[in-house]
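1. no FASTA, just this:
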């Protein structure tokens, strides 16, 4: 049974997503640029954008590490409780047993109007101050995840459209080559025929020769014009495909982080979505209103809770108060094993989150250095950002 979670401030909402249509329009025009300075500015823009992603990933990493340390502190508390000398365990178990009995009596009273489980009620009670912000964060992350998914589908469609366009251009270039060969062959045959007529029949072939050369020149010009247009179109297709791939990779990175945040929140509160969490929270609030009169007169429970907390504080626990929500774990080893297992599962998820963000930070840092190296210089703004990234990384 999970009966604690970290209390933390509401996380800032994700920044407004980039306007995909404007970016693609920019990519459409970028294929026509030939000025190297423009490409340099584009490279600098890409480097700065990648640095922003690294800073965002470091913030995600620091948040995961902070919660990882808290979960580890709770696991250490479990070990401290298990290491309590046997001669003092009897009194502690008695106090915890009284708290458990009073909790059970209180729950029986509340269950008459309660539509959520005891575990859900205890969790809502432990995180009462955090739940409203958690609901807002989860709703925002779910909406952002859906928006990112739509953008990914849109970009994937754009990429496939440019791939199809590139295939059509290549096919046209193939047919143009065949047509040029045919045209050249016809020209040679007609030229030979004109020469034969002129040499054998003494026919005046000046007009025919002029017409043939003119037709060949027009046909050649037409083929050259179409060939150059196809080459430019092919470059534009390749540029837009590469641009779409870059945007897809950037959006996929944000999608993974957002989805991890949504999955972790759902796992943390044992729900499938924000609507279910909202329902549980509303049911909890109703239950709280029903029990207010009962809790006002429940002095005995308050007394034993205080006594249990005082006893546990003697053993230098990270959080002694949290055990009032699940006192059975103090004297019931099976319950304690279940609590420990849930904490270990949470810590494993946090470790995976930390490893994922760490790997992405290193990869993106390497990409920034490679882009800067290809430009053979580093703008001052980029240098400051990289120094800040290194500072944040060392603190993490």
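-> Arrived safely, thanks for sending. Remember, it's a predicted structure, so these values are computed and weren't measured experimentally.
2. three-state assignment of residue 307?
-> Under DSSP: H, G, I helix; E, B strand; the rest coil, residue 307 falls in the helix class.
3. Am I right that it is in contact with residue 95?
-> Yes - between residue 307 and residue 95 there is a contact under C-beta atoms under 8 Å: 5.4 Å. Just so you know, the C-beta spots here come from the backbone N, C-alpha and C atoms, and that holds for glycine as well.
4. neighbour count winner among the two?
-> residue 95 (23 against 16; other C-beta atoms under 10 Å).
5. Quick check: which element contains the more buried one?
-> helix 86-110 (DSSP states H and E).
6. Do me a favour and average the pLDDT over that helix.
-> Across helix 86-110, the average pLDDT comes to 81.
7. list the helices and strands it packs on?
-> helix 118-126, helix 274-296, helix 299-313, helix 328-331 (3 or more C-beta pairs under 8 Å, 6 or more residues apart in numbering; DSSP states H and E).
8. Check what contacts that helix and list those residues.
-> Residues from elsewhere that reach helix 86-110 (C-beta atoms under 8 Å, 6 or more residues apart in numbering): 84, 114, 118, 121, 287, 290-291, 294-295, 298, 300-301, 304-305, 307-308, 311-312, 323-324, 327-328, 330-331.
9. tell me the angle it makes with helix 299-313.
-> 150 degrees (axes from the mean of the first three to the mean of the last three C-alpha atoms, to 10 degrees).
10. And helix 86-110, what's buried?
-> Going by neighbour count (16 or more other C-beta atoms under 10 Å), the buried part of helix 86-110 is 92, 95, 96, 97, 98, 99, 100, 102, 103, 110.
11. What is the least confident helix or strand in the chain?
-> helix 20-30 (a mean of 37; mean pLDDT, DSSP states H and E).
12. remind me which residues of the stretch 51-200 of the chain are low pLDDT?
-> 110-114, 198-200 (pLDDT under 70).
13. Remind me what the longest helix along the chain packs against, helices and strands.
-> Using DSSP state H to define each element, the chain has its longest helix at helix 131-200. Counting contacts by 3+ C-beta pairs under 8 Å, 6+ apart, helix 131-200 is packed against helix 20-30, helix 206-269, helix 274-296.
14. quick one, which of those is nearest to residue 167?
-> Among the helices and strands packed on helix 131-200, the nearest to residue 167 by C-beta to C-beta is helix 206-269 (9.0 Å).
15. So which elements touch that closest one?
-> Using 3+ C-beta pairs under 8 Å, 6+ apart: helix 206-269 touches helix 20-30, helix 36-82, helix 131-200, helix 274-296, helix 333-375.
16. what angle do the third one and helix 206-269 make?
-> Right, helix 131-200. Going by the same axes, to 10 degrees, helix 131-200 makes 170 degrees with helix 206-269.
17. chain center to stretch 67-74: distance?
-> Mean-position distance between stretch 67-74 and its chain equals 24 Å (C-alpha atoms, centre = their mean, to the nearest Å).
18. Of all the residues in it, which ones are buried?
-> Per 16+ other C-beta under 10 Å, stretch 67-74 contains these buried residues: 67, 68, 70, 71, 74.
19. Perfect, I'm done here.
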